[in-house]
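Visitor: A predicted structure for the sequence below; I have some questions about it.
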Amino acid sequence: MGLNDLGYAVIDTPPLDDHTLTQFESLPLDPYTGSTQRYRRFSQYRLFHDRTWRLELLPARAFTQPRTYNNLVGGMLRTLEPLTVDPTPLIAAGAEALGLDTGQVYQINVHQCRVISTPDVAGVAAPEGPHRDGHDFGMVAVTRRHNIAGGETQLMPLGGGEPFFRTVLRDGQAVVFDDTRMFHHVTDIEHLDGTGGHRDVWLVAVNRWANRRYGEEYEAQALASAESA
């Protein structure tokens, strides 16, 4: 398929099985957001093509980003529980939409998240604001919106500014994009009534293996970014 001239594409994602859907109900709290609105699991993979796109689970490591890309919690090791499901169908769909080179190997970060909004908890979806994550490519895939408004996905020029793309991704929709060319953001969600609501989403980062964001060397660079900030 491949991206459009602006560097993104919107796609429909494969339906998830019942087991995968139920796992959103038991995601552990993400303790690094400064509140209690986000629940998350995280795993990293090696992606390669052998007649079809395949994932190889990498040994679990902490999640980290350089301070350059995340002023809130960049430059620190974040320990998160691993995924309990196989995201291969979703990642394969994203790889096809991005037009990834089947002759290359890639490193993948996969976050399975739920953001909630209740009368007591603000549904802050992206505490860091408009940003890029420092990867080659990204994907935001929405699995389910329940009893909420908001949650508008936005793409904008590097450095911020007026979005050139904005939409509320519906259940089973995703946007894939070239992370080197743009900032991305999602607006807060708001519950529609006192029972609260949530947005279930996958956040996927894709890097060519030579540019992988995994391992001791990368972690040391990310931690050093906090010391120099």
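Guide: Everything's here; your move. Source: prediction; values computed, not measured.
Visitor: Only C-alpha atoms from now on, for both contacts and neighbour counts.
Guide: Noted.
Visitor: Which residue of the chain lies farthest from its centroid?
Guide: Gly194 (28.0 Å; C-alpha atoms, centre = their mean).
Visitor: Around the residue nearest to that one when sequence neighbours are not counted, count how many other residues there are.
Guide: Of all residues beyond its chain neighbours, the one nearest Gly194 is Pro119 (6.3 Å), with distances taken as C-alpha to C-alpha, 6 or more residues apart in numbering. Applying other C-alpha atoms under 10 Å, we find 14 residues neighbouring Pro119.
Visitor: For His191, see how far away Pro119 is.
Guide: The gap separating Pro119 from His191 is 8 Å, by C-alpha to C-alpha, to the nearest Å.
Visitor: Also Ile91?
Guide: 29 Å.
Visitor: Looking at these two, which one has more neighbours?
Guide: Neighbour count, other C-alpha under 10 Å: between Ile91 and His191, Ile91 has more, with 25 against 21.
Visitor: which SS state does the most centrally placed residue in the chain fall under?
Guide: The chain has Leu203 as the residue nearest its centroid, 1.6 Å off, counting by C-alpha atoms, centre = their mean. Taking DSSP: H, G, I helix; E, B strand; the rest coil as the rule, one finds Leu203 in the strand state.
Visitor: One more: the one 3 residues further on?
Guide: Reduced to three states with three-state DSSP, the structure at Val206 is strand.
Visitor: these two touch, right, it and Val105?
Guide: No: counting by C-alpha atoms under 8 Å, Val206 does not reach Val105; the two are 10.3 Å apart.
Visitor: rewinding a little: determine the three-state secondary structure at the residue farthest from the centre of the chain.
Guide: Strictly by three-state DSSP, Gly194 counts as coil.
Visitor: Relative to Gly159, how far out is it?
Guide: 37 Å.
Visitor: cool, and Ala205?
Guide: Between Ala205 and Gly159 the distance is 19 Å, computed by C-alpha to C-alpha.
Visitor: same check, this time on Arg38
Guide: Distance from Arg38 to Gly159, by C-alpha to C-alpha: 26 Å.
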